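Peer 1: this one's structure only:
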């Protein structure tokens, strides 16, 4: 790292490192000695560090290691005679031990105080400053400072009487995988950008089933609150933690923590039974409709109705089989209640799964991305939808599904993307993402185009004429099949309900259980039943990509 960065980090952590040293030593003098050693070690490490994900945890580890060496050094040089034998008597040792334990308890409890409480206690008792001086330095009324001192003494006294043990997460931390989002990410990304360390993942998990204060979180994670404050504050400021009365926090991340293999097997059986029914009772009719698709409204490469059917079945899974509880609020209302709004402009429900060592389900093996709707950064009249799975050969998922690709495709359609060397990289992107296919030096469209009569403006894909075009290819579900879907949703919800906090039950039912038919599972079944035919290598690049654009633009391009 550069020296300027190391200097900046030392200034940022200087007070915290002294607070850490003060909590570990017997006096201000010892704290200053220990803190100077820590600062020197941290500074040297910062100059050599590369690509650290979590500076808080990195610096804490250095501080802890320096403290351990400091303690070992003190032990080696303390109470030792010329022949190396301990001189202290048993009585002296007992008295010293009792005093030491009491001091350590006090320092431990000071570390567990809130930031203002801790600042005032240190200034008053360690720096020997008066109430008046402290009030002036912290811009607080003297009466407020006195109250903080009184409250701190009371809190420390209570804490000293209890046994503080490292919580379960301190001994056996969890790991979150499947960090996803339901909505629109911000400039930094989404859930994966904020829960990018073990500490942060365990913070949101610790406050998932039960609200916790900063001290309770620290105790659960086995980390000093001094090093946890900034992490908790950032997660709360960005909506991943909710601030509750009494200084408590609760997690706003919908975490799937299903550790019962029997439950998962029962859910898979319910889904498989339903999907088999849909394949036999509904998809043959969909296939007939698709074979007779309206070529004035839908453009399909090579006029291959099987290629179109892959995309339509993707929509069947989402638009025809997603059944919300008719007696409850709709999906949008539930989503709005649980979405978070990070400071980078995101607007989404944060989702994660606790890692368990077990075989993934068919859905997890095949279907690794959600529905990815895209407009264009320049407001071009076009919007698109893409789903990625192991059926396609696009190397990356939603993170590589750039809005700029859709703008380039629109410029290609309108003849504003000339084939020249300066634009070679942009063409390569369109080939890699499956928008275009180059056949013998000739570029061809490689996706389904839904041609609208009106100009397509910014907005969600499932709106207006686009829905009506697709609906013509998806007949209404038979009544008995609708009932079966609803019944399956209820069964799955009863299986999952015990594993989620009550506050998330509405979202779990509508989003996780309501979206009962997975795209990949449905496609897999349709392939096995012969309703779908395998894809060619060309089609694997563009499969399950649809773009809505004005019919006049498509007609002009194809002429």
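Peer 2: Ah, there it is. Note that the coordinates shown come from a computational prediction; the quantities given were computed from them, not determined experimentally. Numbers count the residues shown, from 1 in each chain.
Peer 1: Contacts only, for the residue minimising distance to the centre of the chain.
Peer 2: When C-alpha atoms, centre = their mean is applied to the chain, the residue found nearest the centroid is residue 191 (2.3 Å). Listed by C-beta atoms under 8 Å, 6 or more residues apart in numbering, the contact partners of residue 191 are 179, 180, 181, 253, 348, 350, 351, 352. No exception for glycine: its C-beta is placed from N, CA and C like everyone else's.
Peer 1: So which of those are in strands?
Peer 2: Among the contacts of residue 191, DSSP state E puts 179, 180, 181, 348, 350, 351, 352 in strands.
Peer 1: for stretch 417-426, the distance to its chain's centre please.
Peer 2: With C-alpha atoms, centre = their mean, to the nearest Å as the basis, stretch 417-426 stands 36 Å off its chain's centre.
Peer 1: in that stretch, what counts as buried?
Peer 2: For stretch 417-426, a neighbour-count test (16 or more other C-beta atoms under 10 Å) marks 417, 426 as buried.
Peer 1: same question, stretch 38-47
Peer 2: Within stretch 38-47, the residues that qualify as buried are 38, 39, 41, 42, 45, 46, counting by 16+ other C-beta under 10 Å.
Peer 1: okay if I get those residues as JSON lines plus pLDDT, secondary structure and distance to residue 299?
Peer 2: Shown next, in JSON lines, are those (pLDDT from 0 to 100; DSSP: H, G, I helix; E, B strand; the rest coil; distance: C-beta to C-beta, whole Å):
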{"residue": "38", "pLDDT": "84", "secondary structure": "helix", "distance to residue 299": "66"}
{"residue": "39", "pLDDT": "82", "secondary structure": "helix", "distance to residue 299": "66"}
{"residue": "41", "pLDDT": "83", "secondary structure": "helix", "distance to residue 299": "65"}
{"residue": "42", "pLDDT": "83", "secondary structure": "helix", "distance to residue 299": "61"}
{"residue": "45", "pLDDT": "81", "secondary structure": "helix", "distance to residue 299": "59"}
{"residue": "46", "pLDDT": "79", "secondary structure": "helix", "distance to residue 299": "57"}
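Peer 1: From those residues, pick the one nearest residue 223.
Peer 2: Set against residue 223, the nearest of the buried residues of stretch 38-47 by C-beta to C-beta is residue 38 (16.4 Å).
Peer 1: ok so, going back, and the gap between the residue nearest to the centre of the chain and residue 383?
Peer 2: 24 Å (C-beta to C-beta, to the nearest Å).
Peer 1: How about residue 286?
Peer 2: Counting by C-beta to C-beta, the gap from residue 286 to residue 383 is 24 Å.
Peer 1: now residue 127
Peer 2: In terms of C-beta to C-beta, residue 127 sits 62 Å off from residue 383.
Peer 1: Look at these two and report which has more neighbours.
Peer 2: Neighbours were counted for residue 127 and for residue 383 using other C-beta atoms under 10 Å; residue 383 has more, 24 against 11.
Peer 1: so what strands line up beside the host helix or strand of the more buried one?
Peer 2: Counting by DSSP states H and E, the element that carries residue 383 is strand 382-386. With DSSP bridges as the test, strand 382-386 is paired with strand 372-374 (antiparallel), strand 545-550 (antiparallel).
Peer 1: hey, least reliable of the ones you listed by pLDDT?
Peer 2: For the strands paired with strand 382-386, mean pLDDT drops lowest on strand 372-374, to a mean of 60.
Peer 1: quick one: the strands in the stretch 351-500 of the chain?
Peer 2: All strands of the stretch 351-500 of the chain, identified by DSSP state E, counting those that start in this stretch, fall at 372-374, 382-386, 436-439, 442-445, 448-452.
Peer 1: Buried deepest among these, which one?
Peer 2: With neighbours taken as mean count of other C-beta atoms under 10 Å, the strands of the stretch 351-500 of the chain reach their highest mean count in strand 382-386, at a mean of 25.
Peer 1: remind me which residues of the stretch 1-150 of the chain are low pLDDT?
Peer 2: Within the stretch 1-150 of the chain, the stretches with pLDDT under 70 are 1, 26-27, 50-51, 73-112.
Peer 1: redo that, cut-off 50
Peer 2: 77-99, 101 (pLDDT under 50).
Peer 1: what are the ranges of the helices in it?
Peer 2: Per DSSP state H, counting those that start in this stretch, the stretch 1-150 of the chain carries helices over the ranges 3-24, 28-48, 55-76, 90-111, 115-121, 131-138, 142-160.
Peer 1: Between the buried residues of stretch 38-47, which sits nearest residue 339?
Peer 2: residue 46 (37.5 Å).
Peer 1: Report the separation between the closest residue to that closest one other than its chain neighbours and residue 40.
Peer 2: In this structure, residue 46 finds its nearest non-sequential neighbour in residue 6, 3.9 Å apart by C-beta to C-beta, 6 or more residues apart in numbering. Separation of residue 6 from residue 40 (C-beta to C-beta): 12 Å.
Peer 1: what secondary structure does residue 210 sit in?
Peer 2: Secondary structure state of residue 210, per DSSP: H, G, I helix; E, B strand; the rest coil, is coil.
Peer 1: Now the phi/psi pair for it, please.
Peer 2: Main-chain torsions, residue 210, degrees, to the nearest 10: phi -150, psi 130.
Peer 1: same deal with the one 3 residues further on?
Peer 2: According to degrees, to the nearest 10, the main-chain angles of residue 213 amount to phi -80, psi 170.
Peer 1: Against residue 250, how distant is it?
Peer 2: According to C-beta to C-beta, residue 213 and residue 250 sit 11 Å apart.
Peer 1: Kindly report the same for residue 438.
Peer 2: Distance from residue 438 to residue 250, by C-beta to C-beta: 53 Å.
Peer 1: try residue 523
Peer 2: Separation of residue 523 from residue 250 (C-beta to C-beta) stands at 38 Å.
Peer 1: So if I had to pick from the two, which one is more boxed in?
Peer 2: Remark: of residue 523 and residue 250, residue 523 carries more neighbours, 25 against 17, as counted by other C-beta under 10 Å.
Peer 1: ok, now which ones touch that one?
Peer 2: Contacts of residue 523 by C-beta under 8 Å, 6+ apart are 310, 313, 314, 366, 389, 391, 532.
Peer 1: of those, closest to residue 257?
Peer 2: Nearest to residue 257 among the contacts of residue 523 is residue 366, at 22.9 Å by C-beta to C-beta.
Peer 1: neighbouring contacts of stretch 253-273?
Peer 2: Stretch 253-273 has contacts (C-beta under 8 Å, 6+ apart) with 176, 178, 191, 195, 204-205, 208, 240, 338, 349-354, 356, 358, 361-362, 488, 491-492, 495-496, 499-500, 504, 507-508, 512, 516-518, 521.
Peer 1: Alright, calling it a day.
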